[in-house]
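> Below is the structure, and that's it, no one-letter string:
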Ligand SMILES: O=C[C@H](O)[C@H](O)[C@H](O)COP(=O)(O)O
């Protein structure tokens, strides 16, 4: 699988760890940076770049990593067509794929040990989207994103 990874300084160690682990098991990993530690760097450039690459490369997935994962998720979701989910345990990582067809996982490096984060990310990468009713909901979001027209509220 093609996997794009990006972070900020807070996520650099986990990004480096995951990129190696994922490459070692045969994934094609593209690391959009940062390459070196800079405590003053900012997550938006890296996370937006990772999300743009994922959206442009059908079938790929992405991982964006910071201290909490919150800002990284927000940044990735600013990219049209991106769906990024904050994953913080194995169950929610699976749901992000099964129900939301999330294209990117956001991970908080300060919330997990390296091996715990690896397990959570592995669950995300190995779970398939279920489609069905979930696709209908994703279509509503995509239509809103493209048109600016909100989905109709149900009439009672
Ligand atoms: O949501 C943002 C991320 O958690 C950042 O990694 C975090 O805010 C960086 O914090 P600091 O600049 O204090 O290392």
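Yep, that arrived. In this text, all values refer to a predicted model and were calculated from it rather than measured experimentally.
> how many other residues sit next to residue 135?
Applying other CB atoms under 10 Å, we find 12 residues neighbouring residue 135. C-beta here means a position set from N, CA and C on the backbone, and glycine is covered the same way.
> How about the one 4 residues further on?
Using other CB under 10 Å, the number of residues around residue 139 comes to 11.
> what about it, which helix or strand?
Taking DSSP states H and E as the definition, one finds residue 139 inside helix 133-147.
> go on, residue 46?
Using DSSP H and E, residue 46 falls in helix 43-56.
> Tell me the helix or strand right after that helix.
Where DSSP H and E defines the elements, the next helix or strand beyond helix 43-56 is strand 61-66.
> pretty sure residue 150 is in a strand, no?
No. Counting by DSSP: H, G, I helix; E, B strand; the rest coil, residue 150 is not part of a strand but coil.
> Number of residues surrounding the residue nearest to it when sequence neighbours are not counted?
In space, and not counting its chain neighbours, residue 150 is closest to residue 144: 5.7 Å by CB to CB, 6 or more residues apart in numbering. Neighbours of residue 144 under the rule other CB under 10 Å: 12.
> hang on, residue 144 packs against residue 137?
No. With contact defined as CB atoms under 8 Å, residue 144 does not reach residue 137; the gap is 11.1 Å.
> one step back: just the pLDDT for the residue nearest to residue 150.
pLDDT, residue 144: 98.
> cool, residue 156 as well?
Model confidence at residue 156 (pLDDT) stands at 78.
> What distance do you get for it to the ligand?
39 Å (CB to the nearest ligand atom, to the nearest Å).
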